[in-house]
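>>> Predicted model and sequence below, questions to follow.
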Amino acid sequence: MAAKRASQPRSSVWLTPEPTTRGRRGPERGSGAGSLDRERIVAAAVRLLDEQGDAKFTMRVLATELGVTPMSVYWYIANKDDLMELALDAVAAEIKLPDPAAGLDWREDLRALALSWRRTMVSHPWAIRSYAEYLNIGPHSMRFSACAQAVVARSPLPEAERPAALSAVFQYVYGFTSMESRWLEYGKEVGRTADEFLEEVAGSIAQAPEIEAGGGLMERRAGRSLDEMRDSDFDRALDWLIAGMCD
């Protein structure tokens, strides 16, 4: 039996020339594609992904949303992977970057970057799942990376240690945000808020005294919403990470 061939590394849309019109037929007449362009397609994709999630997203669904035929979409974007990568970079454009002219301490700017990255990813749950699937070397992603590198370059960290420092911060944000996004998605799927779900969990635990609620969850809540608890935990752990960098 022949050995199963290992899957090939996924190429990036940013390293591939845009689809060319040479030797190809244009969008068919009556397809509704007259005003179609890559920017409009990507914007519609982000909107659909936000509304329906990535599991139901297809090029055919996107074409229906745009009022065109699927082939009209393929005229501008070669495949779904390319479109997902373009959509991810469109989301990266929403990340608010700190202003270096503001004169804030590098720690404050790094913290602001982490907070903005988290807020942006939470508002697009599909993006955090797709993030590790692509190289993320689009212009907006590279703009974010360049900003993060410029911020940590103002720190007293040796140059060789700066990549590890950024990795520690953003791997933490990635993990935290992945769990947070999934909780929010689950609540949307079952039609309950995160606080309603928390109350259900607490009620179930109260009926099973042999189970000890980790960390005294309800006592720890003390009138705070789950969002407030989550924000507090995120901020505290992020402060620990950044404070420990130069110890």
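On my side now, so go ahead. Numbers count the residues shown, from 1 in each chain.

>>> quick one: low-confidence parts of the chain?
Counting by pLDDT under 70, the chain contains low-confidence ranges at 1-10, 19-34, 210-222.

>>> mind giving me the domain split of it?
26-78, 100-246 (automatic domain parsing).

>>> which stretch among the ones you listed comes nearest residue 85?
domain 100-246 (4.6 Å; C-beta to C-beta). Yep, even glycine has a C-beta here, placed from its N, CA and C like the rest.

>>> what's the spacing between the closest one and its chain's center?
Put simply, domain 100-246 sits 11 Å off its chain's centre (C-alpha atoms, centre = their mean, to the nearest Å).

>>> tell me, how many neighbours does residue 69 end up with?
Neighbours of residue 69 under the rule other C-beta atoms under 10 Å: 18.

>>> before we move on, back to that, just so I know, which of the domains of the chain lies nearest residue 12?
domain 100-246 (4.5 Å).

>>> elements contacting the helix ranked longest in the chain?
Looking across the chain with DSSP state H, the single longest helix is helix 162-190. Packing contacts for helix 162-190, counted by 3 or more C-beta pairs under 8 Å, 6 or more residues apart in numbering; DSSP states H and E, involve helix 106-122, helix 125-130, helix 139-153, helix 194-206, helix 226-243.

>>> Need the winner for burial among the ones you listed.
With neighbours taken as mean count of other C-beta atoms under 10 Å, the helices and strands packed on helix 162-190 reach their highest mean count in helix 125-130, at a mean of 22.

>>> With just CA atoms, put the strand or helix carrying residue 72 into PDB.
Here residue 72, judged by DSSP states H and E, is contained in helix 70-74. In PDB, the C-alpha atoms belonging to helix 70-74 read as follows (Å, rounded to 0.1, in the frame of the first residue of the first chain):
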ATOM      1  CA  PRO A  70     -20.300  31.700  -8.000                       C
ATOM      2  CA  MET A  71     -18.200  31.900 -11.100                       C
ATOM      3  CA  SER A  72     -18.400  35.700 -10.900                       C
ATOM      4  CA  VAL A  73     -16.700  35.500  -7.400                       C
ATOM      5  CA  TYR A  74     -14.000  33.200  -8.700                       C
END
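
>>> I'd like the domains of the chain as TSV, with distance to residue 18 appended.
What follows is the domains of the chain, written out as TSV (distance: least, C-beta to C-beta, whole Å):
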stretch	distance to residue 18
domain 26-78	8
domain 100-246	13
